[in-house]
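**Q** predicted structure and sequence below. I'll ask about it afterward.
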Amino acid sequence: MKRQDFEDELRQLQVELVRLQNWVKATGARIIVIFEGRDTAGKGGVISRITQRVSPRVFRHVALPAPTEREKSQLYIQRYIAHFPAAGEIVLFDRSWYNRAGVERVMGFCTDDEYERFMRLVPSFEKEIVDNGIILLKYFLDVSQDEQRKRFADRIEDPIKHWKLSPMDTESVRRWWDYTLAYQDMMEATDTPANPWFIVPSDDKRRARLNLIAHLLNAIPYKKIKVDLPKVPKAEPKPKGVKDGLPASHIVQAPY
């Protein structure tokens, strides 16, 4: 897909995201969207397009770091619940409690008992979320093995993308099949009729972003809310004795 075609389609979807935002604010709806997937699959990219034209007070992007020692002593799910939406909020989890079924299992960061308990309890936990009136959507962005290797190579070559690299991420290349088995088990245990997983093929980043956003909009029963737009008032006349400009002595240089 050409960039201009992508930008044109994205613009229309972002208009609808603003309408979704207005509906959420007007109705007090609560929405959680989970973004899981393989490393380099494009979770951050699609989230940035979703949040690009909307209010951060409504759309909250949550990407939690590794747990602190204090958080490790809490209930596993506790630090995620702390970020759940109040009325009129949409929370976008860039990775979620499913870390336990993916990276924690593969890399040995949890015990077998902790993993099995999580897999046993998470469907009922998510059912409670939905029964409480929260809309829950779960997306898994999938990328092929060859494309993942290409994207990691691109990150290594591009200084702008170096912050995306870590030994933990690149280890996913070597352990591709370990992650495949982990994600297969995760899907089998947690893809329920009430809270299904939606797979997003992501080798084509632009199409993946558009497809996911379009699906998200179709999955939420929002309606267009009439917005009372303010009018731009006429400026008051300039008072006597007031000079134009500001008295600061340091002005940012303009090399551009």
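**A** Received, thanks.
**Q** can you give me the neighbour number for residue 29?
**A** Counted with other Cβ atoms under 10 Å, residues neighbouring residue 29 total 20. C-beta: built from backbone N, CA, C; applies to glycine.
**Q** try residue 36
**A** Residue 36: 23 neighbours (other Cβ under 10 Å).
**Q** how is it assigned, secondary-structure-wise?
**A** Recorded secondary structure, residue 36: strand (DSSP: H, G, I helix; E, B strand; the rest coil).
**Q** what residues are up against it?
**A** Contacts for residue 36 (Cβ atoms under 8 Å, 6 or more residues apart in numbering) come out as 43, 95, 96, 98, 102, 138, 139, 140, 141.
**Q** biggest separation within these, which pair?
**A** Farthest-apart pair in the contacts of residue 36 is 102 and 139; separation 14.0 Å (Cβ to Cβ).
**Q** and these two? which has more neighbours close in?
**A** Using other Cβ under 10 Å as the criterion, residue 102 and residue 139 rank with residue 102 on top: 22 against 19.
**Q** ok, now how distant is the more buried one from residue 187?
**A** 11 Å (Cβ to Cβ, to the nearest Å).
**Q** cool, residue 180 as well?
**A** Residue 180 is 11 Å from residue 187, where distance means Cβ to Cβ.
**Q** which residues does stretch 103-112 contact?
**A** With contacts defined as Cβ under 8 Å, 6+ apart, stretch 103-112 is touched by 100, 115, 118, 168, 171, 175, 178, 179, 182.
**Q** count the residues that sit near the second one.
**A** It refers to residue 115. 17.
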